[in-house]
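**Student:** quick one, what's the 3D model for this:
(one chain, ligands or ions: 1)
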Amino acid sequence: MSTTEKKRALWVPRHPEETNAARFVRYVNKRHSIQLKTYHDLHRWSVAADSLQHFWRDAYSFLELAPPGTKQIGNMLESENTNSVPLFPPPRFFPSDTLNIAEFLLRNGKADNVAIHFVREGVAGIEKVTWQELRSRTRVVYDAMVSSGVGVGDVVASVISNSVDAMVICLASLSIGALWSSASCELGPVAVVDRFAQVKPKIVFADDGYVYAGKVTNLDARIRQWAQELGESGGRLSDVVIIPYCSLATDVSKIYKGCSWDSFVGRGKGRELAFEYLPFSHPAFILYSSGTGAALKVKTDMILQHDTREVDVVFQYTTTAWVMWLLNFINISSGASMLLYDGSPFHPKPTTLLELSEEVGALCITDVFSVTIFGTSPRYLSELRSRAIVPREQFDLSKLRLVTSTGAVLSEDVFNWFYETGFPPTAQLVSMSGGTDIAGCFVGGTPLLPVYAGEIQVKALGMAVDILDAARDAVVSVEHLGQAGELVCTKPFPSQPLAFWGTGGPGKYKSSYFERFGPHVWYQGDFIQMEMDTGGLIMLGRSDGVLNPSGVRFGSAEIYAVTETLPEIDDSICVGQKRQGDADERVLLFVKMKQGQSNSSKLETTLKQAIRARYSPRHVPSYIFEIADIPYTINGKKCEINIKQIVSGQKTAVSGTVANPASLKLYERFLHLPADNKPARAPKSKI
Ligand SMILES: CC(=O)CC(=O)O
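**Tutor:** Here you go, the predicted model:
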C-alpha cells in the first residue's frame, strides 16, 4: 500500500458511547477530575507511572470484584511509584484485600437463568444448567471435598473434558481455597504424570473416557498407569475420583487410590457452601507453560475490551488444557450465559459449532436467541474458509456481536474473508494475543475503535506494552519507528504468575522472562510491529521462530499471510534452518496441499513472486517443499520450534501436547540439503 493510501476500516463502532469502556472512561474522569476522551487517552493513563495504581483500583471497584460489604479497596502495591517497582520478583498486589474467587464467580447469576448450555459431541440435546443448579452442584462437591480433607492451599487436579463437571469441581476447590490444575483427556499418561507429579495433588478427578470426532476412548488403562506412577512419585495423593462421563463402568478397585464418583459424593455431610476469604495474592490456578489477579485481569479484558454484558451468551471453544478454559470459566462472573461444548469442532458436521451458535438461547432472556460472543482461533476460521462454508448465508448469526480469535496470528486474508464473505459485517472481529503465562491479553480489541485487516486493534488497558529492538538486549524502543521487535511489558500487572511451581521455581521464572532485558521488563517472546497509520499491532510470530536469513529478521506469520491467499494450499509451516559451521540460516517453507492438488513448479513460482512482491527478495524461502502433515499442539499452535530443531539436526523435546507427533518424522529427511542456498533459487523437491 502506498503511503498516501489510507487503510479501509472493516468494522467501525456504531454506538461507542454505550459500551462498558465508555462508561468506565466517564467513571474515572469523574473520580479523578480528568478529561480522558479516546481509547488511547485511557490506555496512556492506565499505564502512566502516577496513575497505573488508580487504573487497577478503579477497575477493581468498577468491575465489582470486592466481596459485598467491602468499605474500601486498599492500595494496589505497597509503593506508590510504580516506576520503581520491578516485575521480578513479582510484587504482591492489593496486599490488604481479601476475596474468594468462587464467591465472586457465583455472585451475580439470577437463580433461574441459564448459566451454562452444555452440548456434548455424540449426545443429543442441550443440557441447561441454571445458576441455582450450578450453585447446588458446587455445594455437593464442596461438601465431599471438605470431608475428604481438602483444605486451603491443597492442589485439586483433573484430567477432564470441557464439561459442567470441570467448572463445578473448580468452583468447589476455589471456595475452599484449594488450587486448581487441569489437563485434557487426550493427554497420554506420561504427560499427565509430567504435569501432576510437579504439583503433588491431594485429589485427582478423572473422566472415565471421552468422545472426539465420533470415537469413544476408554481411559481406564491410562488412568491406571498415571495414578500408579503419581502415587509412586512421592506426593500426597489421597483419591483418584472417577467421573462416569461416558458411563464406561470403570472398576475403581484396580486404580491406585481409586474412588467412584458416588462414593466420593457420599462422603458429604450436608454442609452449606462456604467461602474462604483469602489474600488477593493467594494462588488459585496452576497453568502449564508457564489468583485473584487473574480474575481482575480477565474481567478487565472481558468487560472493558470485549464489552461483555449481562445479556450476552458467550461461547468459547476450548479444552481444559488451554488457558482459554480459565478465561471462559471466569467469564461466568458477568452473569452472562454461556455455551459450553465438548468434542470436535467439525463433527458430525463441519458446521456443528455454527448450528449451535444459532440454536442456543438463554432462558428468561427472551430477546436473545443466539450466541452473541464467539471465541475461536485462526485455524477454525481458516478451516471454514477452505471448506467454502459461508456462515452468514447458512445460519442466522444476526445477534453475533463479537468474534474473538487467539492462539495464533490471524492473517489479513482471513480478516478480509470474514467481512467480505464469511460473517455478518456487523460483528466485530477481535484478534488478541497474550498468553497462558499472564492469563489474558497484552494486545486485543476495543469497542471504541475501528478494525483493520491483519491488525490487533490496541494495547490492553493497564498493560504497559512496548516494542523493543530485537537485535539488542538493551531497552531500546522501536515502536515509534514502526519497526518489528520484541513484545515487552514494562510495568507490573496483577495477573503476573506468583511463582513457578516446585524446586528452582524462582530461577526458572526469572530466566523465562527477565534474563533478556532485566527485572523491570517482562519479555514475552513474541515478535510484533506497530502499524503507524492506524496504531494497530501486527503479530509476526514467536521470537524463537523468527526467520533471520542474512540478517533480515521477519516472522513466519508474514510468509503465512501469503500462503493463505493461495487456494490450492491447505496449510504451511515456515522455519529457519541452521547448519553446522554457518552463522547464517536459510528459510524452508513446507506446504500441505489441498486434496487433489500438488506443489507444481507453477505454484512455487507464484509463491516466490508473491513473497518477493509483498516483502523483498530476501524474504523468499530457499526451499519450498510439499509435506503431508503439519504438526500442531492440541491447542492449535504450529510446532515451529520442533521443526526448526529437526531440520537443523538439533535435539528436540516433543511435549505430550503435540496432537499429531508422528508428523514430526516427516521432516527428518530435510536435514541434509545442498549447501548452496541463494534465495529464490529453490529447487523443486517433493516427498
Ligand atoms: C490469550 C492468548 O494469547 C491465548 C493463547 O496463548 O493462545
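**Student:** make it CA atoms for all contacts and neighbour counts henceforth
**Tutor:** Fine.
**Student:** which bits of the chain sit near the ligand?
**Tutor:** Residues of the chain lying close to the ligand by CA under 6 Å from any ligand atom are 406-407, 433-436, 440-441.
**Student:** ranking those residues by neighbours, who comes first?
**Tutor:** Neighbour tally across these (other CA atoms under 10 Å): the maximum, 27 neighbours, falls on residue 440.
**Student:** verify the stated contact: that one with residue 326.
**Tutor:** No. With contact defined as CA atoms under 8 Å, residue 440 and residue 326 do not form a contacting pair (9.6 Å).
**Student:** how about residue 592, what does it touch?
**Tutor:** 569-572, 626-630 (CA atoms under 8 Å, 6 or more residues apart in numbering).
**Student:** please enumerate the helices of the stretch 1-150 of the chain.
**Tutor:** 20-32, 39-47, 52-62, 101-107, 131-147 (DSSP state H, counting those that start in this stretch).
**Student:** just put these in TSV and tack on mean pLDDT.
**Tutor:** Shown next, in TSV, are the helices of the stretch 1-150 of the chain (pLDDT from 0 to 100):
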stretch	mean pLDDT
helix 20-32	98
helix 39-47	98
helix 52-62	96
helix 101-107	95
helix 131-147	98
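**Student:** where do the helices sit along the stretch 301-450 of the chain?
**Tutor:** 323-331, 352-359, 378-386, 391-394, 412-417.
**Student:** what's the most buried one of these?
**Tutor:** Scoring the helices of the stretch 301-450 of the chain by mean neighbour count under mean count of other CA atoms under 10 Å gives helix 323-331 as the most buried, with a mean of 22.
**Student:** quick one: distance of that one to the chain centre.
**Tutor:** 9 Å (CA atoms, centre = their mean, to the nearest Å).
**Student:** which residues are contacting it?
**Tutor:** Contacts of helix 323-331 (CA under 8 Å, 6+ apart): 105, 162, 167, 287, 295, 298-299, 302, 316, 318-320, 435-436, 439-440.
**Student:** over to stretch 220-237?
**Tutor:** 188-190, 192-193, 196-197, 200-204, 206, 208-209, 240, 250, 254-257.
**Student:** give the buried residues for that stretch.
**Tutor:** Buried residues in stretch 220-237, counting neighbours by 16 or more other CA atoms under 10 Å, are found at 220, 222-227, 229-231, 237.
**Student:** so for that stretch, mean pLDDT?
**Tutor:** The average pLDDT for stretch 220-237 rounds to 95.
**Student:** beyond the strand or helix carrying residue 613, next helix or strand please.
**Tutor:** Using DSSP states H and E, residue 613 maps to helix 601-614. Next helix or strand after helix 601-614 toward the C-terminus (DSSP H and E): strand 623-626.
**Student:** show me what that next one is packed against.
**Tutor:** strand 585-593, strand 684-685 (3 or more CA pairs under 8 Å, 6 or more residues apart in numbering; DSSP states H and E).
**Student:** try it again at 10 Å.
**Tutor:** strand 569-578, strand 585-593, helix 601-614, strand 684-685 (3 or more CA pairs under 10 Å, 6 or more residues apart in numbering; DSSP states H and E).
**Student:** for that strand, buried residues please.
**Tutor:** Under the neighbour-count criterion of 16+ other CA under 10 Å, strand 623-626 has 623-626 buried.
**Student:** now do stretch 455-464: distance from first to last residue.
**Tutor:** Start-to-end span of stretch 455-464 (CA to CA, to the nearest Å) is 19 Å.
**Student:** how far does it sit from its chain's centre?
**Tutor:** 16 Å.
**Student:** same thing with stretch 136-148?
**Tutor:** Worked out by CA atoms, centre = their mean, stretch 136-148 lies 29 Å from the chain centre.
**Student:** list the buried ones in it?
**Tutor:** Those would be 137-148, for stretch 136-148 by 16+ other CA under 10 Å.
**Student:** which one of those is nearest the ligand?
**Tutor:** Nearest to the ligand among the buried residues of stretch 136-148: residue 138, at 27.1 Å, using CA to the nearest ligand atom.
**Student:** show me what contacts that closest one?
**Tutor:** 102, 106, 132, 165, 167-173, 175, 273 (CA atoms under 10 Å, 6 or more residues apart in numbering).
**Student:** any idea what residue 468 is bridged to?
**Tutor:** residue 477, residue 486 (DSSP bridges).
**Student:** from memory it sits against residue 525, does it?
**Tutor:** No. Counting by CA atoms under 10 Å, residue 468 does not reach residue 525; the two are 11.2 Å apart.
**Student:** find residues that contact each of the two.
**Tutor:** Among the neighbours of residue 468, those also in contact with residue 525 (CA under 10 Å, 6+ apart) are 485-488.
**Student:** hang on, the earlier thing: restricted to helices, list the contacts of stretch 220-237.
**Tutor:** Counted as lying in helices by DSSP state H, out of the contacts of stretch 220-237, are 189-190, 192-193, 196-197.
**Student:** considering the residues you listed, which possesses the most neighbours?
**Tutor:** Neighbour-wise, those (other CA under 10 Å) top out at residue 192, 25 neighbours.
**Student:** got the helices and strands packed on strand 623-626 as JSON lines, with mean pLDDT columns?
**Tutor:** As requested, the helices and strands packed on strand 623-626 are exported to JSON lines (pLDDT from 0 to 100):
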{"stretch": "strand 569-578", "mean pLDDT": "95"}
{"stretch": "strand 585-593", "mean pLDDT": "95"}
{"stretch": "helix 601-614", "mean pLDDT": "93"}
{"stretch": "strand 684-685", "mean pLDDT": "43"}
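**Student:** now do stretch 264-284: distance from first to last residue.
**Tutor:** Counting by CA to CA, you get 23 Å between the two ends of stretch 264-284.
**Student:** list the buried residues of it.
**Tutor:** Applying 16+ other CA under 10 Å to stretch 264-284 flags 264-265, 267-268, 273, 275-284 as buried.
**Student:** quick one: it to chain centroid distance?
**Tutor:** 27 Å.
**Student:** in this structure, which helix or strand is least confident?
**Tutor:** strand 684-685 (a mean of 43; mean pLDDT, DSSP states H and E).
**Student:** where in this structure is pLDDT low?
**Tutor:** Within the chain, the stretches with pLDDT under 70 are 1-5, 288-291, 361-369, 675-687.
**Student:** domain ranges for it?
**Tutor:** Domain assignment of the chain by automatic domain parsing yields the ranges 16-85+287-530, 131-279, 547-670.
**Student:** go ahead and confirm residue 280 touches residue 77.
**Tutor:** No. Contact criterion CA under 10 Å: residue 280 and residue 77 do not qualify, at 11.4 Å.
**Student:** intersection of neighbour lists for these two?
**Tutor:** Common contacts of residue 280 and residue 77 (CA under 10 Å, 6+ apart): 92-96, 494.
**Student:** out of those, who's the most crowded?
**Tutor:** Result: residue 494 is most packed of the shared contacts of residue 280 and residue 77 (other CA under 10 Å), 26 neighbours.
**Student:** tell me the contacts of that residue?
**Tutor:** Residue 494 touches 56, 76-77, 90-94, 280-281, 291-297, 438, 462-463, counting by CA under 10 Å, 6+ apart.
**Student:** so what does it look like in phi/psi?
**Tutor:** Backbone geometry at residue 494, expressed as degrees, to the nearest 10, gives phi -70, psi -20.
**Student:** and it, how far from residue 101?
**Tutor:** Applying CA to CA, the value for residue 494 to residue 101 is 14 Å.
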